Structures are given as C-alpha cells and as structure tokens.
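Undergrad: pasting the sequence and the predicted model now:
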Amino acid sequence: MKKIFLSMLALSMAITACNDSKKKDNASNDTEYNEDATGDSTSEDMDTQEMSREDAERMSKDMRDNVEVDDEDNVTIKSFAEYGELQTQVRNLSTKPDLREDMVGMEAYNAFEKFVANMPAYLKTNAVMKEVQDTRVAMDRFKADLEDESVSKETMKRHLMKVETAVEDLNDEIASVRQGLDASDIDYTAYNDFATNVNYGDNGLIYITGFDAFNQAQRDYILMRDGDMDEKMKYETSLKKDFKALAQNIPSYLLVDDVEDEIEDVQEEIAYYEKYKNDKSVDAEQQLENLEEIEEAMYDLNRELVKARKKYVDNRKDAIEEFMEEFNDDDGRSMEARLKDATEEYNEEIED
C-alpha cells in the first residue's frame, strides 16, 4: 500500500535532514546503515537536536524543488541521476533469466553504491535512511548469493524479491516525505509531541519512550536479525517471551490502523517457527526462512507503529480544531451548551 504522511511527520523528516546536513557526508554515510550496530537503544540515543525553523523550512524547500512524484507515486529527482539509474538497474535485474550473471547483478549493486555516495542532504532523513539500510541488507545478501555457487536458484529468487521490495519501499518513503510537504500549514509545535514518544535510534529502528516491553522486544529483534543461524535461534526464544509482554501492554494510543494486525502477524510467524523448529523433515534452509519471516514481520510492525502514532497526533489536532470551531460559534447558545457540544465534537474526532 502506498503511504501518504502529512505535514507533521514530513516536518520531522525535514528537521532530521537539517541535522544530517551539518555533518560531513562521509561520516554520515559510514554510520547511517552500519549493519553491525546492535547496541541497546537508550534515551540518549533518541535525543533530537534543536534547530531553527528557518533551517527546517530551507530543507523542506529543497525537497519540494527537487523531488517530483507522479500519480503512481513514482519518484523523479532533479540533478540526481543516480536515483533513476538505481531504479533502472533493479528493473533490469528482475527481467534477466540467469540470476547468476555477475555483470547484471553487480551493475545493480554498483548503482546502489553510487546512489548512497551521492545522496543530497535533504534526502538524508531518518525514515529514508532506514529504507536505505534495508536496501543495503538486501543488496549485500543478493551479492553474496552471486558469489556462492552452492546457493539454490529458489533462494536467489527469494532474495531478489527482497531487493525489489526494498527499492520499492525506498521510493515510497521518498514519495511520502515529498507529498507531506504539500500541506499548506505545517504544524511545527506538534512535531515535539511526535518526537517525544516515537523515534528512530542510531540502529535505524524505533524506540518508544515509556514502553519498555516494546524496547526489549526490539533489542531481541536486532540481535536476531544480525546474528548467524545459531544466534537467530537463541534470540527468537527471547523474542517470543518479550513479545508476549509487548502484546499485553501496548499503549492504547498505538492501537490504531493495522498495528494490531501486525502484532498478530508476528505472533503467527513465531508460532509457525516454534511448531516446526524440532521437525527433522524441515531442513536448515527452511528453518532460516521461517526465522526471516519473523524478522520481516517485526520490520512491518515497526512501520505500522510509525503510521499509527502519526494518525493519533493527526486525530488529536483535528479534534482540537473541531472543539475550537464549535466552542467559538456565536449562535446564541450559552457557554455551557457550546462547551458541551464542543466536547462531543472533540470525542467524535478522537474516536474516528
């Protein structure tokens, strides 16, 4: 499904991009998608640097001036041919009958490397860089397949699909940020409400203030994702236990949109793995695939949590506007009557 983030989330992206623009590009590239970053997320990791409204507006303007999104949410970026080349090479890769054709595979990989090396500062938001990190993981895995003759064609095809999905998600994230900047009234104050609770850590994953059960499950997921087969099996056991606590204690403001469905998906993938993990007829490759399905479900949950928090904040903003409009409507009603009607409007909007 195509995602359309509105003004508040788009602003958070712009502000993060401003922070990134103040760093040296090489240092930024070295740290944003480090696959070995498995340290615990802490509140210190989540600190958001203060920056001026003028900086945020300038970065937003750069995004609006250079990024175009068509009716199908396909992205075109002015003066950044590397992005178009990445899209072209991935499309070429998916049409080749021989997936082991090194030249074709390496052209796609090299196109991605050039894209990363030359990314303009206004694209380097946390959300976009999370998609860059995911694309790197998928690209590295597929590159390893090209170099390993023992990898089956079925496995290569599965990993190629992950590359395609990662590049598509990257396109969608850039489109979402750009579309969000079309809003005429960006609420700069509301950004702090969003950033206080839901943030990306240095490891590229979500940290939620005051939700320890979620943060513990995230640590399990990070260690599981980055581990070898034995480590994946070990941390799946921890994730199973901690995810149960997560599901039982999720804050009510996060229970919107598809979050509950994603929680169920993670539980189902864990249950499926547990059912067959001791089955001798299931080979190691299938066991690994089952573990990767858990990891993918956790990734999807991360995405839905961001969307859910945004929806909550948007609803609250709309509810306040409805309250004030009703309360200030001078139509002869008493103040008590206007307050009562305004409160009803507020509650209806919050529950929508």
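TA: Done, it's in.

Undergrad: what about the helices in the stretch 201-350 of the chain?
TA: 212-226, 229-249, 259-276, 284-327, 335-351 (DSSP state H, counting those that start in this stretch).

Undergrad: mean neighbour count, these: which tops it?
TA: Counting by mean count of other C-beta atoms under 10 Å, helix 212-226 has the highest mean neighbour count of these, with a mean of 21. In short, each C-beta sits where N, CA and C put it, glycine included.

Undergrad: that one - contacts with which helices or strands?
TA: Contacts defined by 3 or more C-beta pairs under 8 Å, 6 or more residues apart in numbering; DSSP states H and E place helix 212-226 against strand 206-208, helix 229-249, helix 284-327.

Undergrad: show me what the first one is packed against.
TA: When contacts are defined as 3+ C-beta pairs under 8 Å, 6+ apart, strand 206-208 sits against strand 198-200, helix 212-226, helix 284-327.

Undergrad: partners of it in the sheet?
TA: Sheet pairing of strand 206-208 (DSSP bridges) gives strand 198-200 (antiparallel).

Undergrad: and the helices and strands packed on helix 212-226: which comes nearest residue 138?
TA: Counting by C-beta to C-beta, residue 138 lies closest to helix 284-327 out of the helices and strands packed on helix 212-226; the figure is 11.1 Å.

Undergrad: got the angle for that closest one vs helix 212-226?
TA: With axes from the mean of the first three to the mean of the last three C-alpha atoms, to 10 degrees as the basis, helix 284-327 and helix 212-226 are set at 140 degrees to each other.

Undergrad: tell me which strands and helices helix 284-327 is in contact with?
TA: If you count contacts as 3+ C-beta pairs under 8 Å, 6+ apart, helix 284-327 packs onto helix 7-21, helix 190-197, strand 198-200, strand 206-208, helix 212-226, helix 229-249, helix 259-276, helix 335-351.

Undergrad: average model confidence for the fourth one?
TA: Just to be clear, that refers to strand 206-208. Mean pLDDT, strand 206-208: 77.

Undergrad: would you mark the buried spots in the helix or strand hosting residue 137?
TA: Using DSSP states H and E, residue 137 falls within helix 126-146. In terms of neighbour count (16 or more other C-beta atoms under 10 Å), helix 126-146 has its buried residues at 126-139, 141-143, 145-146.

Undergrad: alright, that wraps it up for me.
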